[in-house]
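# need a 3D model of the following:
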Amino acid sequence: MTRAMSIHALCQLIDGCDVLSLDVFDTALLRRVGEPVDVFALVAREYRHRRGGALVPFDFAARRIAAERRAREDVWARHQRGDVTLDEIYAALDAPAGWDAAELKSLELAAERALCAQNPYVHAAYRHAQRRGKRIVFVSDMYLPPEFIAGMLRDGGYDQVELFVSSACGGVCKWDGALYRHVAAALGVAPARMLHLGDNPLSDVVMALREGVGALLYPRCAQLAAQAGAEPGGDEPAAAVYRGLVRNRLFAHRGFDALGFWYRFGYRVMGILFAGVGRDAADVAAAFGGDAVVAALLALGESDPRAQRMHEGAREFLADLDGVRAAFPWLAVDARTAAAPMRHVLERPTAEEAHELGELPSALVRPPRWLEAFQDPRRALGGYRRSLWRAGFRARLLRHSLALS
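Residues are numbered from 1 along each chain as shown. Here you go, the predicted model:
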């Protein structure tokens, strides 16, 4: 198998194996940032926040990546070992005066622990395997210490942890298949009786299949989020955290979408807006120059089910953001980052957004009237092409026309 599936279908596959093998990062655990390298940017900001005062300019994220590359090249040249340890990476880090490598390493470990959270989809599969009496192992190509990874897994609700990490298994890795052979031999099980779930098409699927292990791809949340529509950019730490929270909450589950549009809209758009601009309706409206769609959203009454789900999603985003802020109290959402998701909706809505927002009860948010289109057809056509009305336009126009007749 090579695609993720509903939890019900995954559990049926688990029933047919003896051992469930789970990748750790981006599978069993999800980082609450957009990309793994965003962890390094947060570490650098935290270091500056703790030290205070003037520090020598130092692009820690870039240097940290370069140090890992040098360390990998060195251990391969000297030992033909496929993976490195965190200690070896920091031994290769060329840090200037004022930047203490030992403290940076400690902050990286603390950041990884604070930013990693349980993947509910994979955890449900894990619990099913436990109930069925299956042996469960976690397999990872990773430089972090195995005891540290095991602690993070336990923090994430995986109370039964049997871990195989490349950096602690003689440097054998998934990417060349050797770690799968190592695991099967250590467990005394035929590879065909194992099922592995992971996010990397090469190391988690192709190499597992080559070694005779059943494999299932869990496409990364970031990949599915990109397919669903462009995400706001931005290099600010808050933007990276926003992308991670949204991807994990809205795209971790596979199969039926039980969240619904208005919850997702609240979590993805309104939550970050409230975090950066505030909850006052006048302030939010002013941030978008009195835009009609924003005004119609703010006008939804508390008894409207759409408003209830939207605000539920926004509240849960703010709660998740506060969870990250507990580790990084200095993390702030600027107005530009806060407004970016809503601006994207207003300028380039998806078909679903156009359908749902097109139904808002406002005289200002509506298709053009027949008379308006007749008086200035070029303007009406241009507005249609640029507006939210591309999707579902004909159906709404027909309903609107019938209501007027």
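
# what mean pLDDT does stretch 123-134 get?
Here stretch 123-134 scores 97 as its mean pLDDT.

# how about that stretch: buried residues?
For stretch 123-134, burial by neighbour count (16 or more other C-beta atoms under 10 Å) applies to 123, 125-126, 128-129, 134. C-beta here means a position set from N, CA and C on the backbone, and glycine is covered the same way.

# and of these, the nearest to Gly358?
Gly358 has its nearest neighbour among the buried residues of stretch 123-134 in His123, at 37.2 Å by C-beta to C-beta.

# wait, the closest one touches Ala28, no?
Yes: at 7.5 Å, His123 counts as touching Ala28 under the criterion of C-beta atoms under 8 Å.

# what's the overlap in contacts for those two?
156, 158 (C-beta atoms under 8 Å, 6 or more residues apart in numbering).

# circling back: pull the most distant pair out of the buried residues of stretch 123-134.
Going by C-beta to C-beta, the pair spanning those furthest: His123 and Lys134, at 14.5 Å.

# can you tell me the SS state at Arg279?
With DSSP: H, G, I helix; E, B strand; the rest coil as the basis, Arg279 sits in coil.

# next, count neighbours for it.
Arg279 has 13 neighbours, counted by other C-beta atoms under 10 Å.

# phi, psi for it please.
Main-chain torsions, Arg279, degrees, to the nearest 10: phi -90, psi -10.

# and the pLDDT at it?
91.

# quick one: it from Ala338, how far?
In this view, Arg279 and Ala338 are 12 Å apart by C-beta to C-beta, to the nearest Å.

# how about Cys221?
22 Å.

# again, but for Val139
Val139 is 40 Å from Ala338, by C-beta to C-beta.

# burial count for the nearest residue to His253 once chain neighbours are set aside?
Closest residue to His253 apart from its sequence neighbours, by C-beta to C-beta, 6 or more residues apart in numbering: Tyr121 at 5.3 Å. Neighbour count of Tyr121, defined by other C-beta under 10 Å: 23.

# how about Tyr121, what does it touch?
Tyr121 touches 7, 218, 252-254, counting by C-beta under 8 Å, 6+ apart.

# quick check: which element contains it?
According to DSSP states H and E, Tyr121 maps onto helix 120-131.

# coming back round to it: out of the contacts of Tyr121, list just those in helices.
Judged by DSSP state H, the contacts of Tyr121 include Ile7 as members of helices.

# which of the contacts of Tyr121 are buried?
By neighbour count, with 16+ other C-beta under 10 Å, the contacts of Tyr121 hold 7, 218, 252-254 as buried.

# how about those in CSV, adding pLDDT?
Output for these, formatted as CSV (pLDDT from 0 to 100):
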residue, pLDDT
Ile7, 90
Tyr218, 94
Ala252, 91
His253, 86
Arg254, 77
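
# and those residues, which is closest to Leu109?
The closest of the buried ones among the contacts of Tyr121 to Leu109 turns out to be Ala252 (C-beta to C-beta; 24.1 Å).

# and Ala129, how far is that from Ser140?
Taken as C-beta to C-beta, the span from Ala129 to Ser140 is 18 Å.

# check Ala62 too.
Counting by C-beta to C-beta, the gap from Ala62 to Ser140 is 25 Å.

# these two: which is more packed in?
Taking other C-beta under 10 Å, Ala62 and Ser140 do not tie; Ser140 has more neighbours (29 against 11).

# correct me, but that one touches Val161?
No: contact criterion C-beta under 8 Å: Ser140 and Val161 do not qualify, at 11.6 Å.

# list the contacts for Glu88?
Applying C-beta under 8 Å, 6+ apart, the residues contacting Glu88 are 71, 74-75, 143.

# write the ChimeraX selection for whichever of those are buried.
Filtering the contacts of Glu88 down to the buried ones (16+ other C-beta under 10 Å) takes a single ChimeraX command:
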select :71,75,143
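
# quick check: the two most widely separated of the contacts of Glu88?
With distances taken as C-beta to C-beta, the most widely separated pair in the contacts of Glu88 is Asp74 and Tyr143, at 13.2 Å.

# which stretches of the stretch 51-200 of the chain have low pLDDT?
Applying pLDDT under 70 to the stretch 51-200 of the chain flags no residue at all.

# which parts of it are helices?
In the stretch 51-200 of the chain, the helices defined using DSSP state H, counting those that start in this stretch lie at 60-79, 86-91, 101-115, 120-131, 146-155, 178-187.

# list the contacts of the first one.
Going back to what we said before, that points to helix 60-79. 37, 40-41, 43-44, 47, 81-84, 88-95, 99, 104, 108, 143, 171.

# of those residues, buried ones?
Among the contacts of helix 60-79, those classed as buried by 16+ other C-beta under 10 Å are 40-41, 43-44, 47, 81-84, 88-90, 92-93, 95, 99, 104, 108, 143, 171.

# would you map the helices across the stretch 251-400 of the chain?
For the stretch 251-400 of the chain, the helices defined by DSSP H, counting those that start in this stretch occupy 261-265, 271-277, 281-287, 292-298, 305-325, 335-347, 351-357, 370-375, 377-386, 393-404.

# how about those, which one is nearest Asp18?
Closest to Asp18 of the helices of the stretch 251-400 of the chain is helix 305-325 (C-beta to C-beta; 36.6 Å).

# hey, what's the angle from the helix or strand where Val43 lies to helix 101-115? Just curious.
Using DSSP H and E, Val43 maps to helix 38-51. Calculated by axes from the mean of the first three to the mean of the last three C-alpha atoms, to 10 degrees, helix 38-51 forms an angle of 120 degrees with helix 101-115.

# and helix 38-51, what does it pack onto?
If contacts are counted by 3 or more C-beta pairs under 8 Å, 6 or more residues apart in numbering; DSSP states H and E, helix 38-51 sits against helix 60-79, helix 101-115, helix 237-251.
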